[in-house]
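Participant: make a model of this:
(chains A and B)
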Amino acid sequence: MATPLPQTETTQPSAADLGARFPGIVTADTRPSYKGWIVPKENLIEVATVIRDELGYDLLSNLTGVDYLPENKMEVVYHAYKTTGGPGLEFKVQVLREDPVEVPSLIGIWPGVDFQEREAWDLLGIRFTGHPDLRRILMWEGYEGHPLRKDWKEPFYEEEAKPFKSRWPDGQFYLAEEKNPYHDNLKFPRDFDPEKWIPEGEALLYGSLARYSVKNEEGLNTDRIVLNFGPQHPSTHGVFRAALTLDGETIAGLKPVIGYLHRNHEKIGERNTYIQNMPFTDRLDYFNSMANNFSYAIAVEKLMNIPVAERAEYIRVIMAELSRVQNHLIFIGNLLNDLGAMYTPALYAFEERELILDIFEAVSGARMMCNYFRFGGVVRDVPEDVMQKIKDLVYDRLQARTDEMDRLLSDNEVLVSRLKGVHVIDGETAIQYSVTGPVLRAAGVPYDLRRADPYSIYDRFEFDVAMRQNGDLYDNYLIRLDEIRQSLRILEQALKQIPQGPINSQKPAYQVRVPAGEAYGRTESPKGELGFYVVSNGKPNPWRYHVRAPRSSTSPRWKRSALATKLRTSSLCSASWML
Amino acid sequence: MYGKGILKGLSVTGKRFLMTYWEDLVWFFRRITRGEKRYFSEEGIKHRSSNNTRGIFTIQYPEEQLIAPEEMRFVPFLVYDEKPEDKREVRCTSCGICAKVCPPQCIWIVRSNDPTTGRPIPEPTEFYIDMDICMNCGFCAEFCPFDAIIMDHEFELASQGRNVYNLEKLLKPASYYKSIRPLNYERNEAERKAKEAAKAAKAASAATPAAGS
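Facilitator: The predicted model follows:
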């Protein structure tokens, strides 16, 4: 089904046929500024199969739920795309908001929905029937309630939406923790006793792993060892844990556990006004805050239906590509750290990164939390001396340093022998698991949003979509070098073409008017597809704000590629998985 | 040949290692001829954070500090203009835009009313910023219509308690603002003067027909 080869579009039925294909069943979403199709939940599996197999939407990029409290409805939104490129297909399932809210799971059609369905269950309480492992994913086991439901209130709850009235004009200061009896922002279920509490989720987690006791070839009983890898292990970078069963040193079963860095981002996003979310997007991934700003700005600009100033488009591309360069350098450095080549390559990478961050600091004011994009443009122009610095970096230094990194590592026998043929993921599996970005391209699928579904002004630049064939870690390493070189090509063109002019098509305003509707904005962030799904009801705050993260939503694929490898090589994969 | 890749890599690291000493030698001659130092001096730090840097790259914080670009932003402060006889004119009019746009809602402003007229006094009675909650996004400074709140360059805030700044601790003179952000300061002053001139011109043009009638 999922073939990366370009197909002739003429023979394929188009998305517009979906209503004709299922007359009376699938209806178009007619709400103003809404797109896509509404599918009854009884027919969801059937329709989804047609969408994947007949219409060719092989990559399910985004799955999320929306709580329409006033209409007493819950909605599950799916965004499917073709890996051959082109616009996507959006379809929705609406169910009554009465417990239990149940929707059939699509895990049999797109295995990549695994974590996204678990997330929707955890945060919105939508039960996906047929999901084999529907546990909480971000909140802790034993947690009460579903935080993204509109009637849920957090411990420091003050008001439904910012700005809070207590701040002005009578802003008598108090510390938030003084209002809470525990001086803590924890909320417990009514009869919760930490002494007696048994984390049943853990039992479920281990139970879902492969069987402990097996017979080997000679008919002897062998026990497998259960091992928790991370989140404190250095190569999981503090955010990730894998529960493993080991047969000797070989991994026999693996369950990824995430949520150690969960910060309630989406709930905060719903309390914030539109512009207040911009600095929060920086914090999603501090290695490339500019790229995060980019996706969010695109999503809200789609909703507001406003143009972007010409010069700002170029500045955006320059910043996004610079952050791609530094992200990929850091990937290489950290991969080598995990390999055991402590610090030399990582610090070489950091050196170039510092120079790029200097540029970010000079234009935006901060090295990592840039908060540089605004709806319709960017916050301030790039000064002439900084532009010169960018030119020197791009034309001269970064080229040479990429080549140096290549010389330092690519032929190194130790590196090659440890990375080649390790953690192979083939293109078809990668697509099934909704993997995007360099990992997908290293597996031989030339799917790059800058080409496949061009946003901003990427259609004006000449560049190649970097692609490697083997899908192993060595190709994952090489593709980063390729992509740095392609990014430098884009940067060279952008720096030549950039016009003078205003840097924002809108007047600066501390509160923007966003008409009601929905929008899904996505960009090719250095780690893969980063999407923001924003629903507006016309008020100053978004009704729903969802982040389709490039990696955390696709981590189930780790389970697949890590099986039958040695534990020490498996740790390497986490770098390619996270960076 | 097996091991060729490792040797190639070693040549890269070796070159980097030697480059530090080569640069030291270059700077040794610069010191003799021009009196410029590579370490613990402004020109040295500038060179080490420029595109031409080679060899050792690190800045020895806190003995050395990176030169902050003008746009660098850390926690906000409030600006007052220095008037004769040590009088301070606080620019803030407690309009509340900064408190409204602040994403983590860490700005608290008390605006009082004049007891005789019952109208609000522009100058804030109390102004708090919880610096531990501030996320240094710079929105308050960006949207302030009076350039009364500005992002600081001072980033060494470590303390043993909560950093809640009151009005007294937040106020800094306009001369300090000028010293950390000269270009922005000049742009603001020019805008202000243009606005005042326009106002005066408008008032004059409004006054002339009135006088004529």
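Participant: break chain B down into its structural domains.
Facilitator: If you go by automatic domain parsing, the domain ranges for chain B are B:1-65, B:74-194.
Participant: list the buried residues in stretch A:84-93.
Facilitator: A:84-86, A:88-93 (16 or more other CB atoms under 10 Å in any protein chain shown). The C-beta positions use only the backbone N, C-alpha and C, and glycine is treated the same way.
Participant: enumerate the residues of the stretch 251-400 of chain A near chain B.
Facilitator: A:272-273, A:275-280, A:344, A:348, A:351, A:354-355, A:358, A:361-366, A:369, A:371, A:379-380, A:389, A:392-393, A:396-397 (CB under 8 Å from any CB of the partner chain).
Participant: before we move on, back to that, could I get the domains of chain B as CSV with mean neighbour count, mean pLDDT and distance to residue A:64?
Facilitator: Formatted as CSV, these follow (neighbours: other CB atoms under 10 Å in any protein chain shown; pLDDT from 0 to 100; distance: least, CB to CB, whole Å):
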stretch, mean neighbour count, mean pLDDT, distance to residue A:64
domain B:1-65, 13, 91, 42
domain B:74-194, 17, 93, 23
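Participant: would JSON lines of the ones you listed with distance to residue A:137 be doable?
Facilitator: As requested, those are exported to JSON lines (distance: least, CB to CB, whole Å):
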{"stretch": "domain B:1-65", "distance to residue A:137": "40"}
{"stretch": "domain B:74-194", "distance to residue A:137": "26"}
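Participant: for the ones you listed, which one sits closest to residue A:286?
Facilitator: Smallest distance to residue A:286 across those (CB to CB): 12.5 Å, for domain B:74-194.
Participant: the domains of chain B into a markdown table, with extra columns for distance to chain A?
Facilitator: Output for those, formatted as a markdown table (distance: least, CB to the nearest CB, whole Å):
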| stretch | distance to chain A |
| --- | --- |
| domain B:1-65 | 3 |
| domain B:74-194 | 3 |
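Participant: quick one: closest of those domains to residue A:293.
Facilitator: With CB to CB, the closest approach to residue A:293 among these belongs to domain B:74-194: 11.5 Å.
Participant: what's the closest non-adjacent residue to residue 166?
Facilitator: I went with chain A, as the question did not name one. residue A:158 (7.0 Å; CB to CB, 6 or more residues apart in numbering or on different chains).
Participant: that answer is for a different chain, and I need it for chain B
Facilitator: residue B:128 is the one closest to residue B:166 (CB to CB, 6+ apart), at 5.8 Å.
Participant: that neighbour and residue B:160, how far apart?
Facilitator: Distance, residue B:128 to residue B:160, by CB to CB, to the nearest Å: 19 Å.
Participant: pretty sure residue A:222 is in a strand, no?
Facilitator: Yes. Looking at residue A:222 with DSSP: H, G, I helix; E, B strand; the rest coil, it is inside a strand.
Participant: dihedrals phi and psi, residue A:297?
Facilitator: Main-chain dihedrals, residue A:297, degrees, to the nearest 10: phi -60, psi -40.
Participant: the residue in the stretch 151-300 of chain A that chain B sits nearest to: neighbouring residues, count only.
Facilitator: Using CB to the nearest CB, the closest approach of the stretch 151-300 of chain A to chain B is made by residue A:171 at 3.2 Å. By the measure other CB atoms under 10 Å in any protein chain shown, the count of residues near residue A:171 is 24.
Participant: and it, what does it touch?
Facilitator: With contacts defined as CB atoms under 8 Å, 6 or more residues apart in numbering or on different chains, residue A:171 is in contact with B:99, B:107-110, B:126, B:128.
Participant: circling back: name only those of the residues of the stretch 251-400 of chain A next to chain B that count as buried.
Facilitator: So, by 16+ other CB under 10 Å, the buried ones in these are A:272-273, A:275-280, A:344, A:348, A:351, A:354-355, A:358, A:361-366, A:369, A:371, A:379-380, A:389, A:393, A:397.
Participant: coming back round to it: now, which of the contacts of residue A:171 sits nearest residue A:338?
Facilitator: Among the contacts of residue A:171, residue B:107 lies closest to residue A:338 (CB to CB), at 42.3 Å.
Participant: if we can go back for a sec, out of the domains of chain B, which gets nearest to residue A:464?
Facilitator: Smallest distance to residue A:464 across the domains of chain B (CB to CB): 25.7 Å, for domain B:1-65.
Participant: who's in contact with stretch A:500-508?
Facilitator: Residues outside stretch A:500-508 that contact it (CB under 8 Å, 6+ apart): A:306-312, A:315, A:374-381, A:512, B:142-143.
Participant: and those, which are buried?
Facilitator: A:308-312, A:315, A:374-381, A:512, B:142-143.
Participant: and the gap between the residue sitting nearest the centre point of chain A and chain B?
Facilitator: The centre of chain A sits closest to residue A:549, judged by CA atoms, centre = their mean, with a distance of 1.3 Å. Distance, residue A:549 to chain B, using CB to the nearest CB, to the nearest Å: 20 Å.
Participant: wait, residue A:50 sits on residue A:21?
Facilitator: Yes. When contacts are counted by CB atoms under 8 Å, residue A:50 is listed as touching residue A:21 (6.5 Å).
Participant: got a list of what residue B:126 touches?
Facilitator: Contacts for residue B:126 (CB under 8 Å, 6+ apart) come out as A:171-173, B:108-110, B:166-167.
Participant: restricted to strands, list the residues you listed.
Facilitator: B:108-110 (DSSP state E).
Participant: need those residues in JSON lines with distance to residue B:85, can you?
Facilitator: Below are those laid out as JSON lines (distance: CB to CB, whole Å):
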{"residue": "B:108", "distance to residue B:85": "31"}
{"residue": "B:109", "distance to residue B:85": "27"}
{"residue": "B:110", "distance to residue B:85": "27"}
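Participant: tell me which of those is nearest to residue B:83?
Facilitator: residue B:109 (22.7 Å).
Participant: so in terms of bridging, what pairs with that closest one?
Facilitator: Note on residue B:109: beta-bridge partners by DSSP bridges are residue B:127.
Participant: neighbours of the nearest residue to residue A:357 once chain neighbours are set aside, how many?
Facilitator: Using CB to CB, 6+ apart and skipping the chain neighbours, the partner closest in space to residue A:357 is residue A:367 (4.2 Å). Neighbours of residue A:367 under the rule other CB under 10 Å: 19.
Participant: any idea how far residue A:287 lies from residue A:462?
Facilitator: In terms of CB to CB, residue A:287 sits 27 Å off from residue A:462.
Participant: over to residue A:421?
Facilitator: 34 Å.
Participant: those two: who's more crowded?
Facilitator: residue A:421 (15 against 8).
Participant: that one belongs to a strand, doesn't it?
Facilitator: No. Under three-state DSSP, residue A:421 sits outside any strand and is assigned coil.
Participant: confidence score at the residue nearest to residue A:357?
Facilitator: Note on residue A:367: pLDDT of 92.
Participant: that one: what's it in contact with?
Facilitator: If you count contacts by CB under 8 Å, 6+ apart, then residue A:367 has A:357-358, A:360-361 around it.
Participant: span of stretch A:361-380 from start to end?
Facilitator: One end of stretch A:361-380 sits 12 Å from the other (CA to CA, to the nearest Å).
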